[in-house]
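# Fold the following for me, if possible:
(one chain, ligands or ions: 1)
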Amino acid sequence: MKEQKLRITLKSAPLSEWDEQYQLLYKEAVATTTKAYAPYSKFHVGAAVLLANNEIVSASNQENAAYPSGLCAERVALFYAGAKYPDVSVKAIAIAAETGGKLVEGISPCGGCRQVMLETETRAGTPMKIFLCGATSMRSVDSAAALLPVGFDGSDL
Ligand code: THU
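This next block holds a predicted model:
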């Protein structure tokens, strides 16, 4: 039997230690939590997407009384970016969440969003950085594939 160990690198640092453009992305993700439509979970998520043309597109989670019809902030943002700028690749995404008046420390994207991030990255042909925003710090991985190892993509079809 062959055994493979898969490793990911998760970086973590206070906000001030990150590049200025990523601090800006953090601020946009945090500000966007206030625009969430989350009357059911009261879990307000903001996602800010940095495009290769240096534009930032942001979006929040959109819930629905028929629960599965809602969508996470990350997917709203990535689909919006893809719809508005179909030929521009995504360089990075920052994700923040607020509930009970506090920013969530351990925010991490759900499996469905990781799948969409992987597709976005594969489509662009360049790695997409993912920033997970805490109250005063950020964690990051350098690619969507790192968050979805052994993932399913178009090459499997
Ligand atoms: N949610 C997101 O928008 N992104 C995540 O990464 C985790 C979960 C949303 C979905 C739902 O509106 C609420 O947060 C609670 O799950």
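
# Partner strands of the host helix or strand of Arg139 and their direction?
Here Arg139 sits within strand 137-141, counting by DSSP states H and E. If you go by DSSP bridges, strand 137-141 pairs up with strand 11-14 (antiparallel), strand 129-133 (antiparallel).

# any idea which of these is most buried?
Counting by mean count of other C-beta atoms under 10 Å, strand 129-133 has the highest mean neighbour count of the strands paired with strand 137-141, with a mean of 24. (Each C-beta comes from the backbone N, C-alpha and C, glycine too.)

# could you say what helices and strands the longest strand seen in the chain packs with?
Longest strand in the chain by number of residues (criterion: DSSP state E): strand 90-99. If contacts are counted by 3 or more C-beta pairs under 8 Å, 6 or more residues apart in numbering; DSSP states H and E, strand 90-99 sits against helix 20-32, strand 44-51, helix 73-84, helix 111-124, strand 129-133.
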